[in-house]
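Trainee: coordinates only, sequence not included:
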């Protein structure tokens, strides 16, 4: 039986939520990942040191795993002082910027992406070496939002050449092409954007569990993302954007955006890289690239994947809620050795 | 109070379903429309004279309205003989062609859109003067399916210059542009495609009640459709493609395609044409164009619309099922005088 070992897997874009949901989904990541960059878009968002440290503590308690490191982030605001950022610097891995209202719990994001408006905080971050993670979408037509954001990435990247900027959950070939134009631009890509296009969401029957933001794009976009991931482009990191919602908020009128992939990410990535004869690049894509880009040393953790069928649970349960993962009820060809 | 009278409204693309659903939705159309071209994609589809006449009878019984004419259609098949078509000609208004599997209940549609494969039936139809309605989508990427179908429309239109071809529920500016290239090409357009883009379906939260096939396209497509409708382009007819599904098949995992607009179509069209100062064109768009194109004389029926608020029901009920209309629970500015 074929096997493959993933060392120190890192999920560089993860939603762990809070409360009961955190207690459910935290262990589903910490069991197999060494660390994860955790998004700050709670309600209210993480904007203070107290909120940050307390959330980190709740994550650690929920994950019950000493060899899992939650790399926590702050929710970008225009009014952060240099002193505040200097004080919080060692507690965070990055600051996440959301344009206001662009996705789940982003209502208090920035109203303007004008560099001059953002300059005070970005200047402090640049001086202090704090990376900037960006949800890069305009409020234009849904298929164009990321492409329309490219000039904004360019303006920030050229105005702050020493600031590390991570284009989060990229979905287009435009973003892949931009990656090589600026030394200080990096990106994460999700599992689902390597696998699906808008066809999978709305080409047959409508599939709410594959509805996410940014929305899955065109076949040529997926190809560009997949090619970059398979060759482990050194500026590209795995970030699942695993975003659990209760089932009743997905299968309804006004379905919430987000695909829940945490419990299947390693199995499906191994399958995908193996099917494309690129397994030798998987550890770079899922760990080494991020270690270099962020300068982190995650806890040691080796996970052995074996070529053995794994039937994905139809849902994960907590209290009276259910969370439905991607590929619910389907059979994967790789599983994690227990 | 402003008012406007619509005379002999025609819905030239309508799904009335069968059984309990027909009994619910039939009267919601026949109350205000003089006639409707009824789609044949039942399970099994309408392919025989017996099935056709029996369905027409069930529609008449459900609609309980002597001044409503159901213009019934046959489901296109390659093996229809000239004699069969000659015999059924006076009972049908058109034959509807579906590429296999392209939408709801189209599994037994044609496997090939090659003109030579379709030639025998199309030649008979052309000689007998039976119009051809087409669901024009390829099985390509969901946003490209209609555009990719344009060469197929062109090949049929040029091979059969005497055959009236109706491009059903067009959604793109490509289709609008094609309309003027061939004398024998016509089109229907729905209410919802004049109003929404993919943004309304998947740009915010996912809206299953706006999910339809063909899927709503880009803003520039909607503009092209709306401009043509507002000026009552003589080759363009109103066809709602009102397609009711039980609520539980819309708000679920694997939501069915279709927007239910029958009960609100006249009110919203009046509002739309009035807001754009084009009310004088509405009777052409909703009746006169179709009368000329199909050569029909629908029953007399004048419907008076008044500028008075109408709250759209949250659903229409039958037995234990509910059907949710477009704009459920919202307030329209025009209503039908009772």
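Mentor: Yep, that arrived. For clarity, every value in this text was computed on a predicted model and none was experimentally measured. Numbering: from 1, shown residues only, chains lettered A, B, ... in the order given.
Trainee: Tell me which stretches of chain A form helices.
Mentor: A:19-30, A:49-63, A:82-88, A:115-128, A:145-159, A:173-179, A:192-195, A:198-202, A:219-230, A:265-275, A:282-283, A:289-294 (DSSP state H).
Trainee: Of all the ones you listed, which one is nearest residue A:95?
Mentor: Residue A:95 lies closest to helix A:115-128 among these, at 6.2 Å (Cβ to Cβ). Where C-beta positions appear, they are placed from N, C-alpha and C, glycine not excepted.
Trainee: contacting residues around the closest one?
Mentor: With contact meaning Cβ atoms under 8 Å, 6 or more residues apart in numbering or on different chains, helix A:115-128 is reached by A:76-82, A:85-86, A:89, A:95, A:97, A:110, A:112, A:130-132, A:155-156, A:159-160, A:162-163.
Trainee: hang on, isn't residue A:236 packed against residue A:286?
Mentor: No - in this structure, residue A:236 is not within contact of residue A:286 by Cβ atoms under 8 Å, at 10.8 Å.
Trainee: In the stretch 1-150 of chain A, which residue sits closest to chain B?
Mentor: In the stretch 1-150 of chain A, the residue that lies nearest chain B is residue A:142 (4.1 Å; Cβ to the nearest Cβ).
Trainee: tell me the pLDDT at that residue?
Mentor: What the model reports for residue A:142 is a pLDDT of 98.
Trainee: on that earlier part again, can you tell me which of the helices of chain A is packed in deepest?
Mentor: The highest mean neighbour count among the helices of chain A, using mean count of other Cβ atoms under 10 Å in any protein chain shown, belongs to helix A:192-195: a mean of 23.
Trainee: Measure how far that helix is from the centre of its chain, please.
Mentor: 12 Å (Cα atoms, centre = their mean, to the nearest Å).
Trainee: which residues does residue A:188 bridge with?
Mentor: For residue A:188, the beta-bridge partners under DSSP bridges are residue A:237.
Trainee: Run a quick neighbour tally on it.
Mentor: Burial of residue A:188 is recorded as 24 neighbouring residues (other Cβ atoms under 10 Å in any protein chain shown).
Trainee: what residues are up against it?
Mentor: A:12, A:13, A:166, A:167, A:168, A:169, A:170, A:236, A:237, A:238, A:239, A:241.
Trainee: Tell me the spacing between the last one and chain B.
Mentor: With distances defined as Cβ to the nearest Cβ, to the nearest Å, the gap from residue A:241 to chain B amounts to 16 Å.
Trainee: Find me whatever residue is spatially closest to residue A:101, sequence neighbours aside.
Mentor: residue A:107 (5.6 Å; Cβ to Cβ, 6 or more residues apart in numbering or on different chains).
Trainee: do residue A:91 as well
Mentor: residue A:52 (6.0 Å).
Trainee: Please give me every residue in contact with that neighbour.
Mentor: So residue A:52 contacts A:40, A:46, A:72, A:74, A:88, A:91, A:92 (Cβ under 8 Å, 6+ apart).
Trainee: quick one: contacts for the closest residue in space to the first one that isn't next to it in sequence?
Mentor: Right, residue A:40. Of all residues not flanking residue A:40 in the chain, residue A:46 sits nearest, at 3.7 Å (Cβ to Cβ, 6+ apart). By Cβ under 8 Å, 6+ apart, residue A:46 lies in contact with A:40, A:52, A:55, A:72, A:73, A:74, A:75.
Trainee: closest to residue A:268 among those residues?
Mentor: Nearest member of the contacts of residue A:46 to residue A:268, counting by Cβ to Cβ, is residue A:73, at 25.0 Å.
Trainee: contacting residues for the closest one?
Mentor: A:37, A:38, A:39, A:40, A:46, A:92, A:93, A:94, A:95, A:96, A:133.
Trainee: Surely the fourth one touches residue A:77?
Mentor: No - applying Cβ under 8 Å as the test, residue A:40 and residue A:77 come out as separate, 10.6 Å apart.
Trainee: okay, those two: which has more neighbours?
Mentor: Shown here are residue A:40 and residue A:77; by other Cβ under 10 Å, residue A:40 has more neighbours (24 against 15).
Trainee: any idea how far residue B:332 is from that one?
Mentor: According to Cβ to Cβ, to the nearest Å, residue A:40 stands 42 Å off from residue B:332.
Trainee: From the chain's centroid, how far away is stretch A:176-195?
Mentor: Distance, centroid of stretch A:176-195 to centroid of chain: 12 Å (Cα atoms, centre = their mean).
Trainee: cool, stretch A:51-66 as well?
Mentor: For stretch A:51-66 - counting by Cα atoms, centre = their mean - the centre lies 18 Å from the chain centre.
Trainee: Quick one: mean pLDDT over that stretch.
Mentor: Stretch A:51-66 comes out with an average pLDDT of 95.
Trainee: Next to chain B, which bits of chain A? Give me the list.
Mentor: Contact residues, chain A versus chain B (Cβ under 8 Å from any Cβ of the partner chain): A:141-143, A:197-199, A:201-203, A:205-209, A:211, A:215, A:218-219, A:250-257, A:324.
Trainee: Which members of those are classed as buried?
Mentor: Neighbour counting with 16 or more other Cβ atoms under 10 Å in any protein chain shown marks A:141-143, A:197-199, A:201-203, A:205-209, A:211, A:215, A:218, A:250-253, A:255-257, A:324 as buried within the residues of chain A next to chain B.
Trainee: Can you list which of the residues you listed are found in strands?
Mentor: Residues of those located in strands (DSSP state E): none.
Trainee: Give the residue spans of chain A that score low on pLDDT.
Mentor: Within chain A, the stretches with pLDDT under 70 are A:1.
Trainee: one more time with 50
Mentor: Applying pLDDT under 50 to chain A flags no residue at all.
Trainee: quick one, longest strand in it?
Mentor: Under DSSP E, chain A gives strand A:69-75 as its longest strand.
Trainee: How about it, which residues are buried there?
Mentor: Those would be A:69, A:70, A:71, A:72, A:73, A:74, A:75, for strand A:69-75 by 16+ other Cβ under 10 Å.
Trainee: Just give me the closest of those to residue A:295.
Mentor: Distances from residue A:295 to the buried residues of strand A:69-75, taken as Cβ to Cβ, are shortest for residue A:71 (11.4 Å).
Trainee: can you pull the contacts of that closest one?
Mentor: A:35, A:36, A:37, A:38, A:92, A:93, A:94, A:294, A:296.
Trainee: For residue A:134, which non-adjacent residue is closest in space?
Mentor: Going by Cβ to Cβ, 6+ apart, residue A:134 has residue A:97 as its nearest residue, at 4.8 Å.
Trainee: Now the nearest residue to residue A:205 once chain neighbours are set aside, what are its backbone angles?
Mentor: Counting by Cβ to Cβ, 6+ apart, residue A:205 lies nearest to residue B:254, which is 4.2 Å off, once chain neighbours are set aside. The phi/psi pair for residue B:254 (degrees, to the nearest 10) reads phi 90, psi 40.
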